[in-house]
Structures are given as C-alpha cells and as structure tokens.
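Participant: fold the following for me, if possible:
(chains A and B, ligands or ions: 2)
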Amino acid sequence: MTGPSPHRRPPRIGEAPAFRRTLLAIVLFFVAVIIVAPLSVIGVHAVSKGLPYFAAAIAEPDTRHAIMLTVLTALIAVPINTAFGIAAAWAITKHDFPGRRLLLIVIEIPFSVSPIVAGVSYLFVYGLQGLFGPALEAADLKIMFALPGIVLASMFVTAPFVARELIPLMQAQGRDLEEAATSLGASGWRTFLTVTLPNIKWALLYGVVLCNSRVMGEFGAVSVVSGNIRGQTNTLPLHIELLYHDYDAVGAFAAASILATLAIVTLCVKVVLERQGAGRRNRPATLAGNESLSEVKP
Amino acid sequence: MKISLDNVVKTFDTFRAVHGVSLQIESGELVALLGPSGSGKTTILRMVAGLEYADGGHIYFGEEDATDIPVRDRGVGFVFQHYALFPHMTVAENIAFGMKVSKIRRSAEAIRERVEELLALVQLSGLGQRFPGQISGGQRQRVALARALAVDPRVLLLDEPFGALDANVRRDLRRWLRKIHDELGITTLFVTHDQEEALDLADRVVILDKGRIVQQGTPEEVCRSPENAFVMRFLGDANALPATVRDGKAYVQDVEFDAQGLADGAAEVLFRPADVAWREDGQGVPAQILRVLDRPDSRRVLAKTTGGQSIEFDTAPEFPHRKGEAGFIDIRRPRVYATG
Ligand SMILES: Nc1ncnc2c1ncn2[C@@H]1O[C@H](COP(=O)(O)OP(=O)(O)OP(=O)(O)O)[C@@H](O)[C@H]1O
Ligand SMILES: [Mg+2]
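Facilitator: Numbers count the residues shown, from 1 in each chain, chains lettered A, B, ... in the order given. Ligands and ions are numbered 1, 2, ... in the order given. Down below sits the predicted model:
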C-alpha cells in the first residue's frame, strides 16, 4: 500500500536505526560493566563459601554491631536532615530575608567539599585537642569517636540532599498557592501541611532516599571521626574495609551485600510509595497534566 | 465595607513602586485599577489584601485601621491572575478550603451545602469532583472566584482576573462577574490593563501611571474629560499634533483651537480617530492621504499633515477619497494639553 501511513512523521535527530542501536548498546554495556557486574560479584562472593558461612559472617557480633550502628545513624541523621532540608527550602523559596542568597550557597558547601575535610574539621572542633575538646571532656560528653560524632559527620555530608531536591521545585511553584491559602485564613503550619507538602512530596521522597543512601554509605567523614573501634564505632562501610584488610574476603563481601541490600530496600520503599501515590487520583498537577484528562469518566 | 487608602507608599529595595496613593472605595462599589504594565496595580491590590505591607500611609476597612492586619485576619477574597487553585484538591475541596481552615466551625454538612451553592452560583454544578487540571481556564477562574467567595469576604480583590483567557471568554466572564457583583453587593476592587474591560465592568475607574493616580472617575468622566495627555492616550487611539499656545489659543499650522486656561508655550492637540472630518477645501489642518484601510464597519484613513505629522482617522465605508489626494482635516473634539 502506498500513501502516508498514519504514523508518518519527519525524522528527528538520532532516529536512524543504526544510531539508535549503537546508542542502546553503549548504554547497556556501561550499565552492565559499571553497575550490574560489581553488584552481582558481591552477591556471588558473599555466598561462595556456602550460605551457612554467609549467615555466620553476618551473625558475627562486630558485623551485627556495625549494621545496627549504621541503621541507628540513619534513623537519627535522616529525619533531622529532612526537617532541616524542608525548613531551608521553605525559607529560601517562600520568604524574603537578608542573607537568602548566602544561605543558598552555604547549603551547597557539603556537595563541593570532600567529606574527609568535614571529618577533620569536626576533629578540630570537638576532638580532645580541639576547640571545645577540653570543655567537652570536663562535662564528660563524648562526641568524637562515638555515636554523636558519627551522626554529626553524616549530617554534614548529607545536609544539602533534601533542600537541593526541593528548592528548584518550590521555586518553580512560586508563592501563589501559599498566598491563596493564607488569604483564605489558613495558618502557616496548616498551609504547609495541606498545600505545600502535598505538592512537593515526590521530590521530598526522592531527597530522603538519596540522603538515606548517602548516610548509610558515608565513608570518608565518618572514618575520621569514628576512630574505627571495632564493635563500638565501626559503621558498616568502615567495617567492610576493616574485614577486607583482615583478608576476610567472604566476611567483607557478606557485609557489603548487606549494605547493598539496605540501599535496595530503600529504593524499593520509594518505588512502592510512588506506585501507591500514583494509583490515587489526587496527585500534583506537575505529574497529572494531560494524562489526567484521559482519566475523566465519560 | 468601605475601603480607604490614605497616602499609601510602597518601596521595593530602592525602587518606589507606589507613590502616595489615596483612594476611596464605597461600600458595594466595583472599582477598576487601570494602568500600563509596571504602574503598581498589583502592588496596590496586594497591599489592600495584606499580602504586602505598606511602607507608609494607612489602609482603612470601614473605620478600622487595617494597615497592619495580616492577610489571614483581613477577611479579603483574593483572586489571582493565574488562579492559584490547589492542584491536588478537587474543585469542591478547593472551594471548601477556606471554610475548613476557618476559625468559625462549620459542620461537614454545612460546608457541603455551601460548596454546592457556590458551584451553582458560578455555573459549575456537577464539576465538583474534577481536579483543576481537568477543567478549562475560564472554569478555573470561576472556581477561583467561588473559593474566594466561600469565606464571605468583606472585600473581593481580583488581579487581572481574565488576563489569561481568550477575547470571547473574557467578554462573557466580565458581564457575568458584573452580574454576580450586583447580586452579592460585595465591595470589589479589580486590576486590569485592558481599558475596554475596565470601562465595561466598573462603576469607577482609577487610572495609574508609574505608581501614581493620574485620574479617577466614572467611565463617563474619564472618557469624556481626560485630565491629561496620558489618560487620553491610554484610554484609546489618539492622534497628536504639536501646537503653540498664545493668549488662550492653541495654533497648529495657523489653525486655531480653544486653549483657555493654558499658559503660553508648547502644547499638543489630541483627538480621537473618530473625531475627524475630511474636507476637500475650507477649514482644517492641510493633509494628504497615504493609505485607506478597509474594516467591516468603516474605513480607516492614514494621512500626513503638511507639517509632517502622521494621523489616522475613521470614516464611513463610503468614503470616496483615495491615496494621494490632498485636503483638510477638521477636528471635532480637540483636547489641548500643555507639554513639558
Ligand atoms: N517583589 C518585588 N520586588 C521588587 N520590585 C517589585 C516587586 N514587585 C513589583 N515590583 C516592581 O514594582 C513595579 C510595579 O509592579 P506591579 O506588579 O504592581 O505592576 P502592575 O501594574 O501590576 O504591572 P502588570 O500589569 O505588568 O502586572 C514594577 O516596576 C515592578 O518591577
Ligand atoms: Mg500586575
């Protein structure tokens, strides 16, 4: 049959089949080599000496302690940083105050500074020889080489994650919705809960997931402030390194697979939450857009 | 509720957006703030709403000094140019929002009834369960109005309410808004940069330029006696011819116009395109026809005076003259304003 087919459209850049196939091949190759292969190696190695050995490696008290410590750190640092991120994004995008731009830059610092710098500077401030060291010791407060130090260092590194996700979105949304809500008589808190939050929840969720992955995986800053005390201040990433240096390859891989699993669980939680949200009809306009029109019942 | 602005000033950083504006809006009146882009209309409206605080002067709601009352407690209904409907709530939830957060407790039943009532008022019954993304722009604007009306505001404030809509919808909505206003009798202040809209809808028009009121009055007053050249030009097409004033008379190339009360010096004569008669001989400013444009109900003639000024005027469709012909323009309702 001749004549234009209904799907005829002008060719676009990159639509040549050869180009498309090459592009796809390159992408798949990179994903396989850079992401999938190492992760599968972890899994395979971890169980290479048999599942019982794997189970024993995990049940090992120091490893268990490291897992608990990592989870505990995340449980403290992530909520605090989430609250901070929301507050910062809210302040920067919905209010005018002197120093707004400066705050925006300061929030970004942890992104550009090497985590090890953060660790060392905490040491300078809270360490025994540090600024507040003597005072802290006198008060019998232990920050360095203890949980507070680990949490602080993790928080420094992940401080921008939530704010950075929210700021562009909230800036694009402008202040109209909040102004409308207050002009209708809503309090600031009520406005935040019923108007702002529902419109940023997906970006927020993503920010929290990123923040969590980073807290659990943080190595550099934490390694400086934790002191690497086995069974006491070793987080999972530090513990993995320790096991590795002890030539306990299976132990290291087992612990690494746990860390990877924790990350994957976080991702799964995110996907499930998104699924649930998308299934409900009330979702933000930015996501609703056109396809929601097709949802209207005839 | 009567609203008065007394010498209100607003400065952003170093830029003064509103220079001492004083204005009275009588109870139940519908007033338009009209002005070119950047003249401070939105800023004034936002100060009345309490979304922005005045740097100087006072705003009174009735006898009460409302200058420092926060938006939340001011009891105004504000309709935003881009509607600002909550995208994650249905139309009904949007309308109910103000009643739900209000300090006055209402039963769920009462809220539902009121929402239905308002949906009927804005002619959107049956669309309550849609989301804002699922209705048209004109419908969104009406939802925004219903949402603002739900809290029984003392004053209704609208910022370019029809700005984002096409011409036909605008005209319909504007007549409809007037009807609603007449039904509810609520004091209303609305902002527009469209003269036709302001003249069509408002009891009184306040014309702004660069943060100052340049004239206010009924549509008839501002149309029939514009106080200065800015108002004359802003309200519609106007031709201008430079003139010189001497002893209470203005002269354009020897043609004389009445200019009583004007000081001697430079001036200009302004007139509307409809206020010109073309004469083959006799009185008037000598001119030559450059082009004749046809319109459904008239002809527009582009001409140039022998002094080199371009002018345009409207004539009957039967206007017989053609490009190149010379003649005289006889100006029917000239307005002379001093320049400089
Ligand atoms: N938040 C702000 N910060 C600084 N300048 C502002 C701010 N809001 C308004 N302005 C300035 O004040 C002046 C008046 O602004 P306004 O929004 O009131 O104008 P407008 O008459 O509503 O114009 P338009 O018809 O384009 O909406 C403008 O020059 C604008 O640049
Ligand atoms: Mg404006």
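
Participant: how near is whatever residue of the stretch 101-250 of chain A ends up closest to ligand 1 to A:L28?
Facilitator: Closest residue of the stretch 101-250 of chain A to ligand 1, C-beta to the nearest ligand atom: A:R175 (10.1 Å). Where you see a C-beta, it was placed from the backbone N, CA and C, and this is true even at glycine. Distance, A:R175 to A:L28, by C-beta to C-beta, to the nearest Å: 44 Å.

Participant: now A:S121
Facilitator: Using C-beta to C-beta, A:S121 is found at 42 Å from A:L28.

Participant: and stretch B:247-265, average pLDDT?
Facilitator: For stretch B:247-265, mean pLDDT rounds to 89.

Participant: and whichever residue of the stretch 151-300 of chain B sits closest to chain A, how many neighbours does it have?
Facilitator: Of all residues in the stretch 151-300 of chain B, B:V151 sits closest to chain A, at 5.8 Å by C-beta to the nearest C-beta. When neighbours are counted by other C-beta atoms under 10 Å in any protein chain shown, B:V151 registers 19.

Participant: also A:A55?
Facilitator: Counted with other C-beta under 10 Å, A:A55 comes out at 12.

Participant: for my notes, confirm it occurs in a strand.
Facilitator: No: under DSSP: H, G, I helix; E, B strand; the rest coil, A:A55 falls outside any strand and is assigned helix.

Participant: tell me the contacts of the nearest residue to A:I240 once chain neighbours are set aside?
Facilitator: Nearest residue to A:I240, sequence neighbours excluded (C-beta to C-beta, 6 or more residues apart in numbering or on different chains): A:A255, at 4.7 Å. The neighbours of A:A255, taking C-beta atoms under 8 Å, 6 or more residues apart in numbering or on different chains as the test, are A:57-58, A:63, A:66-67, A:236, A:239-240, A:243.

Participant: so is A:A255 in a helix, a strand, or just coil?
Facilitator: Look at A:A255: counting by three-state DSSP, its state is helix.

Participant: higher neighbour count, A:S121 and A:L28?
Facilitator: Taking other C-beta under 10 Å, A:S121 and A:L28 do not tie; A:S121 has more neighbours (18 against 11).

Participant: interface residues of the stretch 101-250 of chain B facing chain A?
Facilitator: Within the stretch 101-250 of chain B, the residues that sit near chain A (C-beta under 8 Å from any C-beta of the partner chain) are B:101-103, B:130-134, B:147-148, B:150-151.

Participant: restrict those residues to the buried ones and give me that as a PyMOL selection.
Facilitator: Buried residues among these (16 or more other C-beta atoms under 10 Å in any protein chain shown), as a PyMOL selection:
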select buried, chain B and resi 101+102+130+131+132+133+134+147+148+150+151
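
Participant: burial count for the residue in the stretch 151-300 of chain B that ligand 1 sits nearest to?
Facilitator: Using C-beta to the nearest ligand atom, the single residue of the stretch 151-300 of chain B nearest to ligand 1 is B:H193, 4.7 Å away. When neighbours are counted by other C-beta under 10 Å, B:H193 registers 18.

Participant: and stretch B:186-204, end to end?
Facilitator: End-to-end distance of stretch B:186-204 (C-alpha to C-alpha, to the nearest Å): 15 Å.

Participant: got the buried residues for that stretch?
Facilitator: Across stretch B:186-204, burial judged by 16+ other C-beta under 10 Å covers B:186-195, B:197-204.

Participant: for the helix or strand harbouring A:K270, buried residues please.
Facilitator: Assessed by DSSP states H and E, A:K270 sits inside helix A:249-279. Going by neighbour count (16+ other C-beta under 10 Å), the buried part of helix A:249-279 is A:250-260, A:262-263, A:266, A:270, A:274.

Participant: and ligand 1, which of those contact it?
Facilitator: Filtering the buried residues of helix A:249-279 for proximity to ligand 1 by C-beta under 6 Å from any ligand atom leaves nothing.

Participant: closest one of the residues you listed to ligand 1?
Facilitator: Closest approach between these and ligand 1, by C-beta to the nearest ligand atom: A:E274, at 35.8 Å.

Participant: show me what contacts A:I240?
Facilitator: Counting by C-beta under 8 Å, 6+ apart, A:I240 touches A:252, A:255-256, A:259.

Participant: for it, phi and psi?
Facilitator: With angles defined as degrees, to the nearest 10, A:I240 sits at phi -60, psi -40.

Participant: for chain B, state which of the contacts of A:I240 is nearest.
Facilitator: Distance to chain B across the contacts of A:I240 (C-beta to the nearest C-beta) is lowest for A:L259, with 36.1 Å.

Participant: once you drop chain neighbours, what's closest to the closest one?
Facilitator: If the residues on either side of it in the chain are set aside, A:L259 comes closest to A:L236, at 5.0 Å by C-beta to C-beta, 6+ apart.

Participant: assign B:E116 to helix, strand or coil.
Facilitator: Under three-state DSSP, B:E116 falls in the helix class.

Participant: thinking it is in contact with B:S125, fair?
Facilitator: Yes: assessed by C-beta atoms under 8 Å, B:E116 is found in contact with B:S125 at 7.2 Å.

Participant: the residue of the stretch 151-300 of chain B closest to ligand 1 and A:I264, how far apart?
Facilitator: Separation of B:H193 from A:I264 (C-beta to C-beta): 56 Å.
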